[in-house]
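Peer 1: what's the 3D shape of this:
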Amino acid sequence: MNSTRKLVYTALLLALGILLPMIFHTAAMSGVIFLPMHIPILLAGFIVGPWYAALLGFITPIINHLLTGMPPVPVVYTMTLELIIFGIIAGLMYQNTNRVLLSLLVAMIGGRIVAACGIFILAQLLTAVDFSFKTYFTAAFVTGIPGLIIQIILIPLIVTAYEKSTIGYRK
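Peer 2: Below is the predicted model:
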């Protein structure tokens, strides 16, 4: 896939990364539970590769924050790191293994670990409350279970459909 095509797909996934969270928040569905911004970034790892996905993971939460105030400060910082990791791991794993589900699971785990570490560090720096790392680690994985399930179901279906289509055929 040439760079122009990658930029077009990245722009479309950016638009999706802005619209999905807006739809979820408008419908009073928690982004923390359903993780709508994760889907376009993970898809980008599979479709446009790790570096465009990392760029998308960097700019999507920042643009969302500037437009809607969500994710709020300081969550926007940890989410930015998490999404960058999602894009890089999903893209690199998929390029090396060509296995969608394995790449997705490794990316999801890696990104959530980074998020848990980021939240823990920010809490230690910005609050006087002494929480354990276990609290943040559990929150990063347990709260988002519905979103993680949605990702595990939807992303392999979308990637498979994309690759079987004429526009996604990889030579």
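
Peer 1: CA only for contacts and neighbour counts going forward, please
Peer 2: Fine.

Peer 1: Now do the contacts for the residue nearest to the spatial centre of the chain.
Peer 2: The residue lying closest to the centre of the chain (C-alpha atoms, centre = their mean) is His38, at 2.8 Å. Shown in contact with His38 (C-alpha atoms under 8 Å, 6 or more residues apart in numbering): Gly17, Leu83.

Peer 1: Mind pulling the model confidence for it?
Peer 2: His38 is assigned 96 on the pLDDT scale.

Peer 1: Check which element follows the helix or strand of the chain with the lowest mean pLDDT along the chain.
Peer 2: Least confident helix or strand, the chain: helix 133-142 with a mean of 71, by mean pLDDT, DSSP states H and E. Proceeding N to C from helix 133-142, the next assigned helix or strand is helix 145-164, under DSSP states H and E.

Peer 1: what's around Arg99, how many residues?
Peer 2: Using other C-alpha atoms under 10 Å, Arg99 has 13 other residues around it.

Peer 1: Repeat that for His65.
Peer 2: So His65, with other C-alpha under 10 Å, has 17 neighbours.

Peer 1: same thing with Val106?
Peer 2: Val106: 15 surrounding residues under other C-alpha under 10 Å.

Peer 1: I figured it was touching Ile89, is that so?
Peer 2: Yes: Val106 lies in contact with Ile89 (C-alpha atoms under 8 Å); the separation is 7.2 Å.

Peer 1: Pull out the buried residues from the helix ranked longest in the chain.
Peer 2: Identified as the longest helix of the chain according to DSSP state H is helix 100-126. Within helix 100-126, the residues scored as buried using 16 or more other C-alpha atoms under 10 Å are 100-101, 103-105, 107-120, 123.
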